[in-house]
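Colleague: any chance you can model this:
(2 chains)
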Amino acid sequence: MPALSFQSVSKTYPAKSQGSASLKALDGVSFDIEEGEFFGLLGPNGAGKTTLISILAGLSRASSGRVLVHGHDVQFDYAQARRLLGVVPQELVFDPFFSVREALQIQSGYFGVKHNEDWIDELLTSLGLGDKANANMRQLSGGMKRRVLVAQALVHKPRVIVLDEPTAGVDVELRQTLWQFIAKLNKQGHTVLLTTHYLEEAEALCGRLAMLKQGRVVALETTSELLKSASSNVLRFKVDAELPAELAAKARVTGRIVQFPAQNAIEIEQYLAAVRQAGLKAEDVEIRKADLEDVFLQVMSGAAA
Amino acid sequence: MNGWQTLFYKEVLRFWKVSFQTIAAPVLTAVLYMLIFGHVLENHVKVYDSVPYTAFLVPGLVMMSVLQNAFANSSSSLIQSKIMGNLVFVLLTPLSHWSWFFAYVASSMTRGLAVGCGVFLVTGWFTPLHYEAPLWILVFAVLGAALLGALGLVAGLWAEKFDQLAAFQNFVIVPMTFLSGVFYSIHSLPTFWQQLSHLNPFFYMIDGFRFGFFGQSDVSPWISLAVVGSALLLVSAVTVKLLQSGYKIRN
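Modeller: Residues are numbered from 1 along each chain as shown, chains lettered A, B, ... in the order given. Now for the predicted structure:
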């Protein structure tokens, strides 16, 4: 039995006013995640990642289709499903009335977990919150609040951990601490579902990936297969002036840096020749292996689906 | 503690941590009402022929404080959690709609009754009171607090902004409590207003509560019990249904 099963999940938001079209946030999304996987859910803003996670977590309801957590339907068998889920929400929310320890004790209580002090202490230590245990939530920095959110999601030792953009606006130190801890939990058998905009993170951590575009799954593969499917090389160089439009359309341009996906040496030569013909000078030329960001852009532009 | 008890405990802790604002302030307000109205009207108004005005006023003020604070607790807690976004911590839990209902209503009752006790202790000190039927006092205090706690839950679920909640409080709850006979016996009103008062469920809560003190009231306490009990059942049913459907909290 898969840890998570999304079965033809659709979500339509009704039209806000007369005349405006209703919004289809999810359109028949289906895939399974096996127990113990570290799974990444990728897609541009508005692709439906957070909607899908909200439906999984019971914060929203699917218009059709269903979601199962270890076989428990998230709507009809919600109590069992939610006991198995630990969700780190995307928004940096907190309850200003309580200290860190109180927040964690209360969260344990909601799940009916008693005598949880040992695990709470372990969470505090592992997430670098040891010296903040008795601080009020209001006094914490954004990064510290994010750590508490992670701890709150884990108080009941859920079998499935869901992280929705956990590293958005987070410093390097916390990212390291967080990923070490989550990787450890994953090794112990916890299933992890992650959404992130940091594709390097997804490439490093996730064994398998799904990519969403406009509410549909456009790629579903192991990370290594996805990387293989991409053009094998990338030509990267810097230019002083703007590229001609027909060249720029094929490239990934970041300020002065230009990157072309290229299959082989002939293509690379052609690109460099085209740049020279345009009267531009390529500097710091290098050729590297395609990474997940290249794959992502290819998939999203419809080159591979 | 199991799930709903934890939510109850958290809700009590929430108002207790700011008890100066949630308990002391409403007690002071009620005492000011009593000092001012009692001073102005003591020698001019006698109710039920024998009850001095200040003694008449005290149960009304106690009940009004119970009702307003029970409402304020669940409604303000919910709207704050919705706007701050931290309601998500409860939404992610396996707690059922019944757990939500009992936890929010019971904590609102705790706040309402705590304020009521405070008002009672302070105002009772100024005037001798009788306790003709203490059980009625208890019954109406508990039912009234539960009804307003549930009503606060409905308002808190419905409101999306603080000003919507404030409108509900200022244009529904406050007029209904003020026009329910806190400050007067409705027998002193013209017939039309007397009849209108009979349509106000708050009137029955205060009238029944007052019966417990004086053994006299505008209507029989049994009628009041029937009205208040039915209103509580109706509002509770609506509340539980809204919670079950995830009205405005699980879009």
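
Colleague: which one is whatever residue of chain A ends up closest to chain B nearest to, not counting chain neighbours?
Modeller: Proximity of chain A to chain B (Cβ to the nearest Cβ) peaks at A:Gly109, 2.9 Å away. Heads up, the C-betas are built off the backbone N, CA and C, glycines and all. Leaving aside its sequence neighbours, A:Gly109 sits nearest to B:Thr6 (Cβ to Cβ, 6 or more residues apart in numbering or on different chains; 2.9 Å).

Colleague: assign the one you found to helix, strand or coil.
Modeller: Three-state call for B:Thr6 (DSSP: H, G, I helix; E, B strand; the rest coil): helix.

Colleague: who's in contact with it?
Modeller: Residues in contact with B:Thr6 (Cβ atoms under 8 Å, 6 or more residues apart in numbering or on different chains) are A:106, A:109-110.

Colleague: show me the residues around residue 119 that make contact.
Modeller: Chain wasn't specified; assuming chain A. Contacts for A:Trp119 were tallied using Cβ under 8 Å, 6+ apart; they are A:155, A:157.

Colleague: let's do chain B instead
Modeller: B:26-27, B:30-31, B:61-62, B:65.

Colleague: same thing but 6 Å
Modeller: B:27, B:30, B:61-62, B:65 (Cβ atoms under 6 Å, 6 or more residues apart in numbering or on different chains).

Colleague: going by distance to chain A, which of these wins?
Modeller: B:Val27 (21.2 Å).

Colleague: show the pLDDT at residue 55.
Modeller: With no chain named, the answer covers chain A. We have a pLDDT of 97 for A:Ile55.

Colleague: my bad, chain B
Modeller: B:Ala55 carries a pLDDT score of 89 in this model.

Colleague: helix, strand or coil for the residue nearest to it when sequence neighbours are not counted?
Modeller: With sequence-adjacent residues excluded and distances taken as Cβ to Cβ, 6+ apart, B:Ala55 is closest to B:Thr127, at 4.9 Å. Classification of B:Thr127 using three-state DSSP returns coil.

Colleague: does B:Thr127 touch B:Tyr53 like I think?
Modeller: No: B:Thr127 lies out of contact with B:Tyr53 (Cβ atoms under 6 Å); the separation is 9.4 Å.

Colleague: looking at the two, which one has more neighbours?
Modeller: Set B:Thr127 next to B:Tyr53 and count neighbours by other Cβ atoms under 10 Å in any protein chain shown: B:Tyr53 wins out with 20 against 16.

Colleague: what does the worst-scoring helix or strand of chain B on mean pLDDT rub up against?
Modeller: Using mean pLDDT, DSSP states H and E, the weakest-scoring helix or strand in chain B turns out to be strand B:46-47, at a mean of 76. Residues outside strand B:46-47 that contact it (Cβ under 6 Å, 6+ apart): B:56, B:185.

Colleague: after it, next one along is what?
Modeller: strand B:51-52 (DSSP states H and E).

Colleague: relative to the whole chain's centre, how far out is that following strand?
Modeller: 24 Å (Cα atoms, centre = their mean, to the nearest Å).

Colleague: look up how far B:Thr93 lies from the residue nearest to A:Gly109.
Modeller: As judged by Cβ to Cβ, to the nearest Å, B:Thr6 and B:Thr93 stand 9 Å apart.

Colleague: shared neighbours of those two, which are they?
Modeller: A:Tyr110.

Colleague: and A:Ser60, what is it in contact with?
Modeller: A:54, B:251.

Colleague: could you redo the last one with a cut-off of 8 Å?
Modeller: Shown in contact with A:Ser60 (Cβ under 8 Å, 6+ apart): A:11, A:51, A:54, B:250-251.

Colleague: with that, I have no additional questions.
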